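K.L.:
Just to be clear, the model below is a prediction. Sequence and coordinates:
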Amino acid sequence: MTYELSTPREDFYNITAQLKEAIAKSGVKEGVAVVYCPHTTAGITINENADPDVILDMLHGLNKAFPDRAEFRHGEGNSAAHLKASAIGSSVTVIIANGKPVLGTWQGVYFCEFDAPRHRKFFVRVLGAE
Amino acid sequence: MTYELSTPREDFYNITAQLKEAIAKSGVKEGVAVVYCPHTTAGITINENADPDVILDMLHGLNKAFPDRAEFRHGEGNSAAHLKASAIGSSVTVIIANGKPVLGTWQGVYFCEFDAPRHRKFFVRVLGAE
Amino acid sequence: MTYELSTPREDFYNITAQLKEAIAKSGVKEGVAVVYCPHTTAGITINENADPDVILDMLHGLNKAFPDRAEFRHGEGNSAAHLKASAIGSSVTVIIANGKPVLGTWQGVYFCEFDAPRHRKFFVRVLGAE
């Protein structure tokens, strides 16, 4: 299943609702779901869904760990975004039980945009376990 | 399959034995296993199982890359732990062959606690391949 | 399926062709593929396949975020490589549709060597979805 989203700024965008929908539509009750980002300056992560300050802090901490650097060679000037994408990862895998993703109380699934503004896609693939 | 563990301090806790048990109980001989952490200040990784100094060095290096920062806003004061959780990742996927996880000689599977002390859970989901 | 490669230097080695071959040989048309690294100082990532400067910048940025440190204890002196391996991750999961990996236009799959020179292996496991 393919979803699209607009990402006006560098941010984490909550896509938990889309994941739940994709699992429900698949009819799979027990298995796993893979949420996949086909872009190289964005990623997918699972983290806090309650206090939005956590995401602000994470964006800040990622910028400190992987800053833009004068010596970077890539002409587009977005090498830091490529680094963050690989550190966060291009996908997450979530367990499905009773037709729902098994997320912790405070967990949400996020599309992580590191090179805004963009129009993006992500994919959800559901696999059943017998 | 659900496992619980106590995490008295920030550390990597070896959970390879639980993974092997979950695979054995599933009866699956060929497939994959997903080890999933439902918490937002902990993660799962695969790394060195021989010299415990590697884990001490990794904890130190993660603290240097993702330190606590005075400007963080999240009231609980554990934003660095959230960052480490997303950098390490909430799950690992391991290949199963002949009923066993295919790990390298030096690989172990670890529950990574970044916000101790806690009582935690993790899940293992096994998927068979025909 | 097992593949081998020589890694003469710290670099990202493009293994997209091997992934495509493994999927084709499996005969699976719809599902997922897991690309797995059984080493603790190397990893697997998905990132830019066009401008090789992106990889040079990423290697540089990873060295800055996870440098070698005088206070590291591990006698082999490669703790920074262990850190990078866990930050990048030991595997990637890719969706298969119509018998091919669903990669974005600019995405390639890379074996990330952080402790060269070595002779390495990686595994591909394909799972079909009904």
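P.N.:
Cool, the structure landed. Residues are numbered from 1 along each chain as shown, chains lettered A, B, ... in the order given.
K.L.:
Just give the closest residue to A:Arg73, not the sequence neighbours.
P.N.:
Counting by C-beta to C-beta, 6 or more residues apart in numbering or on different chains, A:Arg73 lies nearest to C:Asp53, which is 4.1 Å off, once chain neighbours are set aside. Any C-beta I mention is one placed from the backbone N, CA and C, and that applies to glycine too.
K.L.:
Make sure that neighbour is indeed in a strand.
P.N.:
No - using DSSP: H, G, I helix; E, B strand; the rest coil, the assignment for C:Asp53 is helix, not a strand.
K.L.:
Tell me which residues touch it, please.
P.N.:
Neighbouring residues of C:Asp53 by C-beta atoms under 8 Å, 6 or more residues apart in numbering or on different chains: A:72-75, A:79.
K.L.:
do you know how far it is from C:Ala87?
P.N.:
21 Å (C-beta to C-beta, to the nearest Å).
K.L.:
Same check on A:Asp115?
P.N.:
With distances taken as C-beta to C-beta, A:Asp115 is found 19 Å from C:Ala87.
K.L.:
More neighbours: these two, which one.
P.N.:
C:Ala87 (30 against 20; other C-beta atoms under 10 Å in any protein chain shown).
K.L.:
In chain A, what residue lies closest to chain C?
P.N.:
Closest contact between chain A and chain C, by C-beta to the nearest C-beta, is at A:Pro38 (3.1 Å).
K.L.:
now that residue, what's its secondary structure?
P.N.:
When classified by three-state DSSP, A:Pro38 comes out as coil.
K.L.:
From what I see, it and A:Ala85 are in contact.
P.N.:
No - the criterion here is C-beta atoms under 8 Å, and A:Pro38 misses it with A:Ala85 at 11.3 Å.
K.L.:
Look at these two and report which has more neighbours.
P.N.:
A count of neighbours by other C-beta under 10 Å puts A:Ala85 above the other of A:Pro38 and A:Ala85, at 29 against 21.
K.L.:
I'd like the distance between the more buried one and A:Gly75.
P.N.:
In terms of C-beta to C-beta, A:Ala85 sits 18 Å off from A:Gly75.
K.L.:
cool, A:Ser86 as well?
P.N.:
19 Å.
K.L.:
Kindly report the same for A:Ile46.
P.N.:
Relative to A:Gly75, A:Ile46 is positioned 33 Å away (criterion: C-beta to C-beta).
K.L.:
Just the element for the spatially most central residue of chain A, please.
P.N.:
Geometric centre of chain A, nearest residue: A:Ile44, 2.0 Å, by C-alpha atoms, centre = their mean. Following DSSP states H and E, the helix or strand that holds A:Ile44 is strand A:42-48.
K.L.:
how much does that strand deviate in direction from strand B:42-48?
P.N.:
120 degrees (axes from the mean of the first three to the mean of the last three C-alpha atoms, to 10 degrees).
K.L.:
Next one: strand A:42-48, is it in contact with chain C?
P.N.:
No - against chain C, strand A:42-48 shows no contacts by C-beta under 8 Å from any C-beta of the partner chain, the least distance being 9.4 Å.
K.L.:
is that strand anywhere near chain B?
P.N.:
Yes - shown here: strand A:42-48 in contact with chain B (C-beta under 8 Å from any C-beta) through A:45-48.
K.L.:
Just the residues contacting that strand, thanks.
P.N.:
Outside strand A:42-48, the residues touching it (C-beta under 8 Å, 6+ apart) are A:7, A:12, A:15, A:35-37, A:54-55, A:58, A:81, A:84-92, A:94, A:103, A:106-115, A:118, A:120, A:122, B:40, B:82, B:85-86, B:89-90.
K.L.:
Excluding residues flanking it in the chain, which one is nearest A:Asn24?
P.N.:
Let me fix one detail, which is that residue A:24 is Ala and not Asn. Of all residues not flanking A:Ala24 in the chain, A:Gly99 sits nearest, at 6.6 Å (C-beta to C-beta, 6+ apart).
K.L.:
so that neighbour sits right up against A:Val28, yeah?
P.N.:
Yes - A:Gly99 is within contact range of A:Val28, at 7.2 Å (criterion: C-beta under 8 Å).
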